[in-house]
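Asks: no FASTA, just this:
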C-alpha cells in the first residue's frame, strides 16, 4: 500500500516510520522536503505519489508561536488539512489527521473529554486545530481524526517537554513543573500502532473522530516525576502553579481525554516502556 506521511520528522512521524516502513510503500516528507503552507506544492506531491493513504502529522505548534504568527498557524493547522480533505475526496485516498486536546478549554474541571464533547478552544492554536477537525469532517469521506494529548516518544530533537526536562535533570538542574496542568499523556508508539490498525484491510473501527491518548490522566508534575523515577533520575523537582510561567495567549489547564471506542493501555505502562528503552539498566535495577 502506498502511504504518504506529511510531518515525518517529529515524534509521531518517527514512530509512524518505524511502524509502517517495513510493510508499506512509505513516502515520508518533513519540513525540509515540503512547505506544507504551499497548496500548489502539496497538490503536486499528492499527484506524484498517488497515495492510498495520507497521514498528516504536520503541526505548527505551541501556544506562543501561534499567537505570534496566526496566519501561519491558520495555513498549516487549518488550511492544509482542509486541502487534504478535498484532495482525499477527489483522489479517493484515506486521510488520517492528528487533532489535539487543545480544542477544549478545560472548563470541565478535570473530568475527561470524550469524542462527543463540544470543543471550545481558548487560544489560536486550539482554534486552528478545531477548524481542521471541522473542515475534514465536512469535506472528507474516508478519514480518521485522532485526538491526542501531550505526546512522548523517541525523537532526536530534545526541545519538547519530557526530553527537555530529562536533559536538564541529567545536567543536575533544579526543575519547577506545573502541577495544575492536567493532560492525558500519549505514546507516539501506541498511536502509530493504532494507525497501522486503521489502514489495515478489514479494520473494524468506525470512521471519524477517535480520542487516541493513553488511558488515565496526570499533571505535568506527576508525569515527569514518574518518568524521571523510571530513569533513575532524582533532581530537585518542585511543583508550582502554571501561572508561574506567563506567556502569550490563554492556556488550558485541564484537558484529559477518554474514548468511548478505544481501549488504550495506561500512560504509566507506555511511559515505563519508553523509559526502559532510553535507560534499560536503570529499569532492570528497579525490577530486581
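Replies: That came through fine. Remember, predicted model here, so these are calculated numbers, not experimental data.
Asks: was I right about residue 215 contacting residue 262?
Replies: No: taking contacts as Cβ atoms under 8 Å, residue 215 lies outside contact range of residue 262: 9.1 Å. C-beta coordinates here come from the backbone N, C-alpha and C atoms, glycine included.
Asks: who's more crowded, those two?
Replies: Neighbour totals were compared for residue 215 and residue 262, and residue 215 leads with 19 against 16 (other Cβ atoms under 10 Å).
Asks: please list all residues in contact with the more buried one.
Replies: 184, 258, 263-267 (Cβ atoms under 8 Å, 6 or more residues apart in numbering).
Asks: just the buried members of the residues you listed?
Replies: If you count burial by 16 or more other Cβ atoms under 10 Å, the buried members of those come out as 184, 258, 264, 267.
Asks: residue 225: which of the residues you listed is nearest?
Replies: Of all those, residue 225 sits closest to residue 267, with 13.1 Å by Cβ to Cβ.
Asks: please report phi then psi for residue 82.
Replies: phi -60, psi -40 (degrees, to the nearest 10).
Asks: what of residue 176?
Replies: For residue 176, the backbone dihedrals are phi -120, psi 130 (criterion: degrees, to the nearest 10).
Asks: partner residues bridging it?
Replies: residue 238 (DSSP bridges).
Asks: how many neighbours does it have?
Replies: Residue 176 has 14 nearby residues by other Cβ under 10 Å.
Asks: that one against residue 236, yeah?
Replies: No: between residue 176 and residue 236 there is no contact under Cβ under 8 Å: 9.2 Å.
Asks: neighbours around the residue nearest to residue 59 when sequence neighbours are not counted, how many?
Replies: Leaving aside its sequence neighbours, residue 59 sits nearest to residue 77 (Cβ to Cβ, 6 or more residues apart in numbering; 6.3 Å). Residue 77 sits with 25 neighbouring residues when counted by other Cβ under 10 Å.
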